[in-house]
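**Student:** Dropping the sequence and predicted coords here.
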Amino acid sequence: MPKQKRYKTKYPGVYYLDGTSIKGKPERVYYIRYRKNGKLVEEPAGRQSKDDMTPAKANNIRSERIKGHRKSNREKREALLAEKIAKDKKWTIDRLWNSYKSIRIPGKSLNTDKGRYDKYLKEKFGKRAPEELNPLDVDRLRISLLKKLAPQTVKHVLNLLTWIINYGVKNGLCKGIPFHIKKPTVDNVKTEYLTEKQTKSLLAAIEKDSNTQVANLMKLALFTGMRRGELLNLRWKDIDFDRGFITLKDTKGGKDQTIPMNDTTRHILDSHPKGDGVYVFPGRSGGKRATVDVAVNKIKKAAGLPKDFRPLHGLRHAYASMLASSGKVDMYTLQRLLTHKDPRMTQRYAFLRDEALKRASGLAGDIINNMIKENDKKVSDLKKVST
């Protein structure tokens, strides 16, 4: 193929070739030549029609390249390639999340965090590295989420963002952020209690209800402190009648837990109807039950319990409160029975135990005072006899 003819212009180092535009019309394609770092560089400056290129414009480009004010096409390609490589190596929030979730224990807790990340964090921050975040962006997310979500939920979302970043910093994958992620103030630690009268009323309503499945489920919540999900997920194979233990699957903490089976619980399970299914409290088709809200609320209403009392979670609190207020169960044992991962969750019941200890201390004082009074009476009686 013959070499295409070059046409000089009045500007040194600027020439053009005859070319054809996209529309098929003749046009000039301008090139520039110059030396940089001792090497001859030759590259296109632009096309006559597409880039509105002229010899003067091409000369200006050549001058800027020589002065280093404008990158050559090759330098631009190299810069783009370097940027792509850096981007691929950059530990974005997305990349950190994928690594972080791979070390998490599979289960309900991880699934919940997956939903939170995909719904609230991925689009906003997924492509950015932690050091690229700024307080204003995070504040905007917090404010926008508070308009549609409960403060506790927003706190969970921002906690997840914090955990992801801390994971990256701890493992030397990225830099941290120079600001504190502000979370909503949450004051929703609700602990339900049942008075003796309310407890008796609830048990009476349970006994009267015709739905044996739900009645026994509520009894188990009260006598074991099991969570709603743990009760609905309970299978017959998880109950060890010989050793007297119940294995809880898919717990809130992610790990299987084992709790002791007291005599009342054993009696409830012994008398509970056993069908052909694997679940202790199955749904209509024999599979896992999805909800019991209507049935338990009916019993709650019949028992005359407060409207804000949560039937199943409230019974878990009632179970814990009874044990704590007895003064016979220490906080560590209560934590184990409630399968709390964090001991701080159990501390909400500490004041009940403190009250029980005060009563015990007061009882000791009464006993000693009575002993002193009896001793004083004896001394007084002896004095009367001697006189």
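**Tutor:** Nice, thanks for sending it over.

**Student:** contacts, neighbours, all on C-alpha from now
**Tutor:** OK.

**Student:** tell me the helices in the stretch 201-350 of the chain, going along the chain?
**Tutor:** Under the criterion DSSP state H, counting those that start in this stretch, the stretch 201-350 of the chain contains helices at 212-224, 228-232, 263-271, 293-303, 311-326, 331-338, 343-346, 350-386.

**Student:** and the last one, what's its mean pLDDT?
**Tutor:** The average of the pLDDT scores along helix 350-386 is 63.

**Student:** for the third one, same thing?
**Tutor:** Averaged across helix 263-271, pLDDT comes to 91.

**Student:** now what about it, what contacts it?
**Tutor:** With C-alpha atoms under 8 Å, 6 or more residues apart in numbering as the test, helix 263-271 has contacts from 216, 219-220, 223-224, 241, 244.

**Student:** from the residues you listed, which is closest to G275?
**Tutor:** Taking C-alpha to C-alpha as the measure, G275 lies nearest N216 of those, at 14.7 Å.

**Student:** does that closest one really touch H272, like I thought?
**Tutor:** Yes - using C-alpha atoms under 8 Å, N216 is in contact with H272, at 7.3 Å.

**Student:** May I have stretch 291-304 as PDB, with CA atoms only?
**Tutor:** Below are the C-alpha coordinates for stretch 291-304, written out as PDB (Å, rounded to 0.1, in the frame of the first residue of the first chain):
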ATOM      1  CA  THR A 291     -47.100 -16.100  61.600                       C
ATOM      2  CA  VAL A 292     -49.200 -16.400  64.800                       C
ATOM      3  CA  ASP A 293     -50.100 -12.700  65.300                       C
ATOM      4  CA  VAL A 294     -53.900 -13.000  64.900                       C
ATOM      5  CA  ALA A 295     -54.200 -15.900  67.300                       C
ATOM      6  CA  VAL A 296     -51.800 -14.600  70.100                       C
ATOM      7  CA  ASN A 297     -53.400 -11.100  69.900                       C
ATOM      8  CA  LYS A 298     -56.800 -12.700  70.400                       C
ATOM      9  CA  ILE A 299     -55.500 -14.400  73.600                       C
ATOM     10  CA  LYS A 300     -53.900 -11.200  74.700                       C
ATOM     11  CA  LYS A 301     -57.100  -9.300  74.400                       C
ATOM     12  CA  ALA A 302     -59.100 -12.000  76.200                       C
ATOM     13  CA  ALA A 303     -56.600 -11.700  79.100                       C
ATOM     14  CA  GLY A 304     -57.100  -8.000  79.300                       C
END
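
**Student:** Quick one: residues in contact with that stretch.
**Tutor:** 198, 201-202, 204-206, 209, 211, 214, 218, 311-312.

**Student:** just to revisit the earlier point, just the buried ones out of the contacts of helix 263-271, please.
**Tutor:** The neighbour count (16 or more other C-alpha atoms under 10 Å) marks 216, 219-220, 223-224 as buried among the contacts of helix 263-271.

**Student:** Any idea how many residues pack against the residue nearest to Y332 when sequence neighbours are not counted?
**Tutor:** Leaving aside its chain neighbours, Y332 sits nearest to P343 (7.7 Å; criterion: C-alpha to C-alpha, 6 or more residues apart in numbering). P343 has 14 neighbours, counted by other C-alpha atoms under 10 Å.
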